[in-house]
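Trainee: how does the following fold in three dimensions:
(one chain, ligands or ions: 2)
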Amino acid sequence: MMEGVNYLQVCERAANLGSSSSRNALDGIRSVMDGSREFFEMEYLCSDAKGGARWFRMAVTSLRRSGGAVVSHRDITERKLAEQRVRDLSGRLIHGQEEERRRIARELHDDVNQKLALLAIELEQFAQATPESTGEIQQRARDLCGLAQGISSDVHQLSHKLHPSKLDHLGLIEAARDFCMAISQHHGIHVDFFHRDVPERIPGEISLCIFRIIQESLQNVVKHSGAKQAYVGLLGHSDEIHLEVSDPGAGFDVESDKGKAGLGLVSMRERVRFAGGEMWIRSRRSQGTRIDVKMPLRAPALKKAPMTILIDN
Ligand SMILES: Nc1ncnc2c1ncn2[C@@H]1O[C@H](COP(=O)(O)OP(=O)(O)OP(=O)(O)O)[C@@H](O)[C@H]1O
Ligand SMILES: [Mg+2]
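Mentor: Ligands and ions are numbered 1, 2, ... in the order given. Got it, this is the predicted structure:
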């Protein structure tokens with residue numbers, strides 16, 4: 001701290017040297033002092049004497065009568081570190097959950113399903129080998145064969161739900177198109193799927209993240225919107241992908257519904273944050289819902305947790 005130096009000048013000097021947080025602080029303090037706002041707060045990162053870094057929260061409150069302002073700084077490093085630990089943990093949980101789903105899907109597909117298919121074949125052969133005179137037994141064997149085939153197809157579907165193997169084999173576009181078609185067929189909602197300039201090679205974690213968001217968003221359209229149509233758009237840009245999922249249905253109040261018990265939107269946010277992307281949910285009652293996601297095209301590092309930045313009222 002420099003005693004006897006005008007605080008605004010200190011910020012100005014730092015801002016002129018290219019510090020964006022000093023520029024924001026300066027603009028914030030000035031806006032409180034010239035009366036265009038009552039209060040300003042922001043969080044910023046600052047290097048300390050030992051070469052480390054600490055987080056601070058700056059609050060600027062107007063002194064209405066004198067025309068000045070009170071500026072306070074609080075060290076919030078511990079809180080920031082705790083938030084980062086939670087983010088790391090949720091990133092790891094999502095990663096672990098996907099790994100587990102992939103393992104169970106593979107087991108169901110390669111092991112349980114093969115055994116069920118074998119059982120169905122054996123029952124069919126048994127029915128064929130049974131003399132016609134034992135009609136009842138023959139019919140029973142045929143029924144059991146049908147049952148085994150039904151279970152086998154359920155297990156097959158379940159394994160694809162747990163982990164969309166199409167995503168690994170055919171890529172994001174085909175897997176997304178397939179899912180949109182399945183929603184159209186099974187739920188009577190026309191899903192319009194559009195894509196442009198999406199690169200063929202996308203890191204697996206990124207395409208899985210985008211696919212899961214499409215899945216959850218369309219499931220929400222089915223469950224909550226009452227809409228008969230929806231739109232899914234994927235646009236590739238130089239180093240990121242933009243996803244839009246929208247419907248013209250019932251909509252909801254994003255702020256007041258935040259505390260609702262559902263896990264879908266929460267896990268979407270966590271996935272996007274973990275992958276280093278951004279997500280916006282816009283919705284209004286009776287006017288539909290639109291979800292936009294910007295996703296970088298590089299795979300997330302497991303330890304990475306972006307620390308952001310500014311609260312600007
Ligand atoms: N497309 C949509 N149209 C209308 N309301 C929606 C839409 N998407 C989400 N909502 C509202 O947001 C709430 C939260 O959605 P979220 O996906 O988090 O939970 P859920 O679908 O209720 O449960 P879960 O996803 O855990 O099965 C929903 O209960 C619903 O009220
Ligand atoms: Mg949901």
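Trainee: contacts, neighbours, all on C-alpha from now
Mentor: Fine.
Trainee: who touches stretch 139-155?
Mentor: Residues outside stretch 139-155 that contact it (CA atoms under 8 Å, 6 or more residues apart in numbering) are 108-109, 112-113, 116-117, 119-121, 123-124, 126-127.
Trainee: one more pass at 10 Å, please.
Mentor: The set of residues external to stretch 139-155 that reach it, using CA atoms under 10 Å, 6 or more residues apart in numbering, is 105, 108-109, 112-128, 130, 132, 135-138, 156-161.
Trainee: show me these that map onto helices.
Mentor: When DSSP state H defines the helices, the subset of those inside them is 105, 113-128, 135-138, 156-161.
Trainee: sorry, back to before: and the contacts of stretch 139-155, which of them are buried?
Mentor: Buried residues within those, defined by neighbour count using 16 or more other CA atoms under 10 Å: 105, 108-109, 113, 116-117, 119-120, 123-124, 126-127, 138, 156-160.
Trainee: just those that are near ligand 2?
Mentor: Contacts with ligand 2 within these, as defined by CA under 5 Å from the ion: none are present.
Trainee: what residue ranges in this protein score low on pLDDT?
Mentor: The chain contains residues with pLDDT under 70 at 1-4, 133, 259, 261, 300-313.
Trainee: what parts of it come near ligand 1?
Mentor: The chain comes close to ligand 1 at residues 220-221, 224-225, 250-252, 262-266, 289, as judged by CA under 6 Å from any ligand atom.
Trainee: please tell me how far L108 sits from Q157.
Mentor: 10 Å (CA to CA, to the nearest Å).
Trainee: same deal with A176?
Mentor: In this view, A176 and Q157 are 16 Å apart by CA to CA.
Trainee: cool, D197 as well?
Mentor: If you measure D197 against Q157 using CA to CA, the figure is 30 Å.
Trainee: can you pull out the helices in the stretch 151-300 of the chain?
Mentor: If you assign secondary structure with DSSP state H, counting those that start in this stretch, the helices in the stretch 151-300 of the chain sit at 165-170, 172-187, 204-220, 264-274.
Trainee: for the first one, name the packing helices and strands.
Mentor: On a contact count with 3 or more CA pairs under 10 Å, 6 or more residues apart in numbering; DSSP states H and E, helix 165-170 meets helix 77-107, helix 135-162, helix 172-187, helix 204-220.
Trainee: kindly report the same for the last one.
Mentor: Helices and strands touching helix 264-274, by 3+ CA pairs under 10 Å, 6+ apart, are helix 77-107, helix 204-220, strand 278-284, strand 288-296.
Trainee: now I213. Nearest residue, chain neighbours left out?
Mentor: Computed as CA to CA, 6 or more residues apart in numbering, the closest residue to I213 that is not its neighbour in sequence is M268, at 6.0 Å.
Trainee: same deal with I121?
Mentor: Here the nearest residue to I121 in space, its sequence neighbours aside, is C145; by CA to CA, 6+ apart that works out to 7.4 Å.
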